[in-house]
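A.B. asks: Provided below are the primary sequence and the corresponding predicted coordinates.
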Amino acid sequence: MLVFVDESGDCGMKRKDGTSAFFVITAVTFEDNGDAEACDAKISELRTKCFQQKNSEFHFTKCCDAYREEFLRGVAPFDFFYMSFALNKAKLYGPGFNYKDSFYKYTAKLLFENAKPYLRDASVLIDKSGNREFRKQLEKYLKSRINTDREIIRKVKTEVSHSNNLLQLADMICGSVARSFKTDKLDRFRFRKIVAHRELEVQMWPRF
């Protein structure tokens, strides 16, 4: 099983302009490598159609609405599923949330705890963030907390998203979910609806 992980928003807890209200992390899963390869090829085709430069990447916050919709409609028929976990930062408390690394690791743990029933022997690829030591800590952290009764996560790797189409898929899905939490957007569910049939669960915490 292949799992691709990306996030939307920031890990900052400072109450200031430009800090996101939510931190959303999403896992996109493929049961079959052939399905993943077919989706990868479709994204390459979409890139050629949408962008003039070959090294351009699909990034939700940088794409126009037309490209967002074209991308999501293009990938929607492929056999993948996704789960998202959103931290409502206004409701968080505790000193650990003030540290970016622990904030990220904790949110990733909550996501994978929710995803446990759907995962087995998973190779996890995460959009590259942090330094090399942090990435090693993240792999150890997730394995120790998720592989408690069986091997759910086999390995965790990181890669830059511009060189991996399926990390870009995770970005576009995550961006669509994150937008659905923005109550100032009248069409906030527009993009999430396109891939709603691929959604296993989206959880927000704390709710109150």
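C.D. replies: Cool, the structure landed. Residues are numbered from 1 along each chain as shown.
A.B. asks: list the buried ones in the host helix or strand of residue 139?
C.D. replies: Per DSSP states H and E: residue 139 is located in helix 132-146. For helix 132-146, a neighbour-count test (16 or more other Cβ atoms under 10 Å) marks 134, 135, 138, 139, 141, 142, 143, 145, 146 as buried. No exception for glycine: its C-beta is placed from N, CA and C like everyone else's.
A.B. asks: now pLDDT and distance to residue 187 too, for these, in a markdown table please.
C.D. replies: As requested, the buried residues of helix 132-146 are exported to a markdown table (pLDDT from 0 to 100; distance: Cβ to Cβ, whole Å):
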| residue | pLDDT | distance to residue 187 |
| --- | --- | --- |
| 134 | 67 | 36 |
| 135 | 71 | 36 |
| 138 | 82 | 35 |
| 139 | 82 | 38 |
| 141 | 87 | 37 |
| 142 | 88 | 35 |
| 143 | 88 | 40 |
| 145 | 88 | 37 |
| 146 | 91 | 36 |
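A.B. asks: residue 161: which of those residues is nearest?
C.D. replies: For the buried residues of helix 132-146, the residue nearest residue 161 by Cβ to Cβ is residue 135; the value is 14.6 Å.
A.B. asks: leaving out chain neighbours, which residue sits closest to that closest one?
C.D. replies: residue 158 (5.1 Å; Cβ to Cβ, 6 or more residues apart in numbering).
A.B. asks: and that neighbour, what does it touch?
C.D. replies: Contacts for residue 158 (Cβ atoms under 8 Å, 6 or more residues apart in numbering) come out as 125, 126, 127, 128, 129, 135.
A.B. asks: thanks a lot, see you next time.
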